[in-house]
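Trainee: Please work out how this folds:
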Amino acid sequence: MLSRRKLLTVAAAATATVALPGCATIQVAPATPEPEKPAVDVGYARMYGAMPEEDYPIPAVDLSKVKRRYYRQLVNDPTGERPGTIVVDTSAFHLYLVLPDGKAMRYGVGLGRQGFTWSGSGVIQYKRRWPRWTPPEEMIARQPELEKYSAANGGMDPGLNNPLGARALYIFQDGVDTLYRIHGSPEYWTIGKAVSSGCVRLINQDIIDLYNRVSTPAPVIVRGGSTA
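Mentor: Down below sits the predicted model:
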């Protein structure tokens with residue numbers, strides 16, 4: 001028979017053997033935290049927030065899909081033009097509204113793909129809130145499905161799906177409509193890209209800001225360059 005001393009020794013050893021796995025299970029590796037989205041400045045979040053007061057309520061912009069260099073901001077004027085002038089720098093995908101005191105409001109823009117761009121000097125002859133869209137005949141010839149939005153059919157109704165977005169500024173040259181516009185777009189993820197049929201498009205929140213600042217007629221300069 002085992003002596004009392006041996007029984008105690010065996011029991012202690014057994015207890016130690018059971019306890020070790022128990023300690024191991026307690027030390028659970030901490031769960032890997034989900035990666036956080038880049039922090040967005042509160043001011044920008046407000047700037048690009050929802051606009052429920054509009055005729056067609058505009059949703060907030062997911063700023064993680066827009067490069068920060070295309071956010072609206074007040075900058076030193078790099079154009080040298082007189083206040084009130086709109087300058088589009090196609091190489092940088094930026095639009096500047098020249099302000100007094102050497103400043104300018106800068107906006108990110110999307111542009112036309114190769115072969116569908118316009119450059120030169122003109123005038124913003126007039127501007128419209130929630131405009132109708134009428135594709136030009138050349139576009140209808142390329143895309144016959146757009147015939148239903150022709151001038152004869154009254155164009156496309158305003159709204160969030162309208163290609164001109166919430167506001168449009170109409171570019172004229174020598175008194176003639178160029179058919180090019182500076183306008184809004186709900187497709188904010190295309191800002192900084194050349195994918196449209198030639199017009200200059202801004203985030204809807206930005207075109208509303210620009211619309212409110214521009215007095216017509218206003219000089220506009222679209223400087224050609226690489227849009228790659």
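
Trainee: ok, then the element right after the helix or strand bottoming out on mean pLDDT in the chain?
Mentor: Ranked by mean pLDDT, DSSP states H and E, the weakest helix or strand in the chain is helix 4-26, scoring a mean of 39. Going down the chain from helix 4-26, the next helix or strand is helix 42-47, by DSSP states H and E.

Trainee: Distance of V88 relative to P217?
Mentor: Distance check for V88 against P217: by CB to CB, to the nearest Å, it reads 17 Å. No exception for glycine: its C-beta is placed from N, CA and C like everyone else's.

Trainee: Between the two, which is the more surrounded one?
Mentor: Ranked by neighbour count (other CB atoms under 10 Å), V88 and P217 place V88 first, with 22 against 13.

Trainee: So that one: helix, strand or coil?
Mentor: Following DSSP: H, G, I helix; E, B strand; the rest coil, the label given to V88 is strand.

Trainee: Would you check that it makes contact with R223?
Mentor: Yes - at 6.5 Å, V88 counts as touching R223 under the criterion of CB atoms under 8 Å.

Trainee: quick one, strands of this protein?
Mentor: Along the chain, counting by DSSP state E, strands occupy 73-76, 86-89, 94-98, 103-108, 111-112, 120-129, 167-173, 176-185, 194-196, 200-203, 218-223.

Trainee: Can you tell me which of these is packed in deepest?
Mentor: A comparison of the strands of the chain by mean neighbour count, using mean count of other CB atoms under 10 Å, puts strand 200-203 on top with a mean of 29.

Trainee: mind checking how far R113 is from Y188?
Mentor: 18 Å.

Trainee: again, but for D77
Mentor: In terms of CB to CB, D77 sits 25 Å off from Y188.

Trainee: One more: D177?
Mentor: The value you get for D177 to Y188, if CB to CB is used, is 27 Å.

Trainee: show me where pLDDT drops low in this protein?
Mentor: By pLDDT under 70, the low-scoring segments of the chain are 1-40, 114-117, 197-198, 225-228.

Trainee: wait, what's in contact with the residue positioned nearest the centre of it?
Mentor: Among the residues of the chain, Y188 comes closest to the average C-alpha position under CA atoms, centre = their mean, at 3.1 Å. By CB atoms under 8 Å, 6 or more residues apart in numbering, the residues touching Y188 are V61, D62, K65, V66, I203, N204.

Trainee: got a list of what the last one touches?
Mentor: The contact partners of N204, taken as CB under 8 Å, 6+ apart, are M51, I58, G165, A166, R167, G184, S185, P186, Y188.

Trainee: Check the fourth one too.
Mentor: Taking CB under 8 Å, 6+ apart, we find V66 in contact with G108, Y188, W189, I191, G192, I203.

Trainee: Does the last one touch V61 like I think?
Mentor: Yes - here I203 lies in contact with V61, judged by CB under 8 Å, at a distance of 6.0 Å.

Trainee: can you list residues touching both of those two?
Mentor: Shared contacts of I203 and V61, counting by CB under 8 Å, 6+ apart, come down to Y48, Y188.

Trainee: Residues contacting stretch 122-134, please?
Mentor: Residues from elsewhere that reach stretch 122-134 (CB under 8 Å, 6+ apart): 55-56, 86, 149-151, 154-159, 162-164, 166-173, 177-178, 182-183, 211, 214, 216-222.
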